[in-house]
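# Give me coordinates for this.
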Amino acid sequence: MSESIPGLQTQQEKSTILELQDRRLQEQLQKIRHKIMVMSGKGGVGKSSVAVNLAIGLSLQDFMVGLLDVDLHGPNVPKMLGLRRGRLPRRPDGRIGAITYSPNLKFLSIEPLLPDEDAAVIWRGPLKISAIRQFIADIDWGKLDYLIIDAPPGTGDEPLTVAKTIPDAYALLVTTPQEVSLIDVKKSYNFCRKVKMRVLGLVENMSGFICPHCGKEVDLFKRGGGEKLAEELGIRFLGRIPVDPRVVAAGDAGKPVIAAYPESKTAEAFEELVRNVVAATEEFHRDVEEGRYMRVAVPVEGPVVSEDLDQATMFALYDVEKGEVRVKDVAKKPEDAPLDLWLKEQVITHVIAPKASDQLKESLEKIGIRLIRGGAPKMKADLLMQDYLAGIIK
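As a prediction, the model looks like this:
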């Protein structure tokens, strides 16, 4: 991996490295069809178990899968896969590859890069941000159908870096049925709304209890809280995973339960989760491809449309699903941020403006943003959106 960015001495060096890294990031991300960050509002809800078993389940369905552990302070993925001291392979071109777990699954964690497996990672934000960007840009992941990202609990540097680095990533929220977990997972949902990350759905973990003696399911803990919350928030409920002592034992032994006990009810629950995740990601992809899901940006001055997109700093942002505006927001572009890159960070799919340069149009098209020249200055932005959705503006 390249030298850590925070250790460089001059601003020019930092800028050059960041530009190179941004290019590598885009090249790498274009090879990955779906990116999913597994999040939780609090620790102890089994988020890593869900991430690991989801990744293995997808790989068993013949998808090419990458599993990235960005929990830098408490990486658990290597232990759960039974590869704590796995070695990073080096490619013929000098690049480092991820660690192979199976023909269809590769993974990466901070642990193989540490001097010993019990070394503490004592890093502040800039170092963590740099490390996560390098995990994606400098590692040769190859072509993947899915990249599963196991994030630490909460809404700190790590999930924020993933959201900013991978603007088209989905969030998969993990909760337990207990009220205290449901309260915290709402914060994760609001985090996703704030950073414009699409929520794939919610998983209720530790839902019911599998008796280790008779194998029957017992409602030792609450059930249904996650499903009820998903309905309340208007997001998909992806499934419930029961409490099963074999999940802990299998994780400690480095043999995830979906592979170690394929006939168990817990493995069946994970298989259903895998099917629901595949269906949800493909539906999201079709919605974007066919225009049923859009995030539209309109340059504005107050409530009305501003004339020149190239000079705009304020934007009305509209989330459109199946022909209807679901969410409207207003955001200001930072002065030093290039407009095209800032719009990409906002996960914009379409821009509507009366006037824009051909150079900006070409730049936006290169990053997958469609520019529609239409409307008139001083026209109300909401009316412009109504005209576009009605087909008046083509």
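# Can you pull the phi/psi pair for the closest residue to Leu68 other than its chain neighbours?
In space, and not counting its chain neighbours, Leu68 is closest to Ile149: 4.8 Å by C-beta to C-beta, 6 or more residues apart in numbering. Where you see a C-beta, it was placed from the backbone N, CA and C, and this is true even at glycine. For Ile149, the backbone dihedrals (degrees, to the nearest 10) come out as phi -110, psi 120.
# domain parsing for this protein?
5-289, 293-389 (automatic domain parsing).
# Take those domains and lay them out in TSV including mean pLDDT and mean neighbour count.
Below are those laid out as TSV (pLDDT from 0 to 100; neighbours: other C-beta atoms under 10 Å):
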stretch	mean pLDDT	mean neighbour count
domain 5-289	85	19
domain 293-389	91	17
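# what's the distance between the residue nearest to Leu68 and Ile136?
9 Å (C-beta to C-beta, to the nearest Å).
# what sits in contact with each of the two?
Leu68, Ile166 (C-beta atoms under 8 Å, 6 or more residues apart in numbering).
# what's across from Phe315 in the sheet?
Pro299, Ala331 (DSSP bridges).
# contacting residues around it?
Ala297, Val298, Pro299, Val300, Val330, Ala331, Lys332, Lys333, Gln346.
# what's near enough to touch the second one?
I take that to be Val298. Going by C-beta under 8 Å, 6+ apart, Val298 touches Val305, Phe315, Ala316, Tyr318, Val351, Ile352, Ala353, Gly375, Ala381, Leu384, Met385.
# So which of these are in strands?
Judged by DSSP state E, these include Val305, Phe315, Ala316, Tyr318, Val351, Ile352, Ala353 as members of strands.
# Skip the chain neighbours and tell me the closest residue to the fourth one.
Okay, so that is Tyr318. Val296 (4.5 Å).
# re the thing from before, can you list the ones in strands among the contacts of Val298 in a markdown table and add distance to Thr281?
Shown next, in a markdown table, are the ones in strands among the contacts of Val298 (distance: C-beta to C-beta, whole Å):
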| residue | distance to Thr281 |
| --- | --- |
| Val305 | 34 |
| Phe315 | 28 |
| Ala316 | 29 |
| Tyr318 | 23 |
| Val351 | 25 |
| Ile352 | 28 |
| Ala353 | 31 |
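# Can you tell me which of these is nearest Asp157?
Among the ones in strands among the contacts of Val298, Phe315 lies closest to Asp157 (C-beta to C-beta), at 26.1 Å.
# ok, back up a step: the residue nearest to Leu68 reaches Val162, doesn't it?
Yes. Using C-beta atoms under 8 Å, Ile149 makes contact with Val162 at a distance of 5.8 Å.
# Give me the common contacts of these two.
Common neighbours of Ile149 and Val162 (C-beta under 8 Å, 6+ apart) are Met37, Val70, Ala169.
# Now render the residues you listed as CSV, adding distance to Gly44 and secondary structure.
Output for the shared contacts of Ile149 and Val162, formatted as CSV (distance: C-beta to C-beta, whole Å; DSSP: H, G, I helix; E, B strand; the rest coil):
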residue, distance to Gly44, secondary structure
Met37, 19, strand
Val70, 18, coil
Ala169, 24, coil
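# Include distance to Leu182 when you put those residues into CSV, please.
Converted to CSV, the shared contacts of Ile149 and Val162 look like this (distance: C-beta to C-beta, whole Å):
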residue, distance to Leu182
Met37, 20
Val70, 24
Ala169, 23
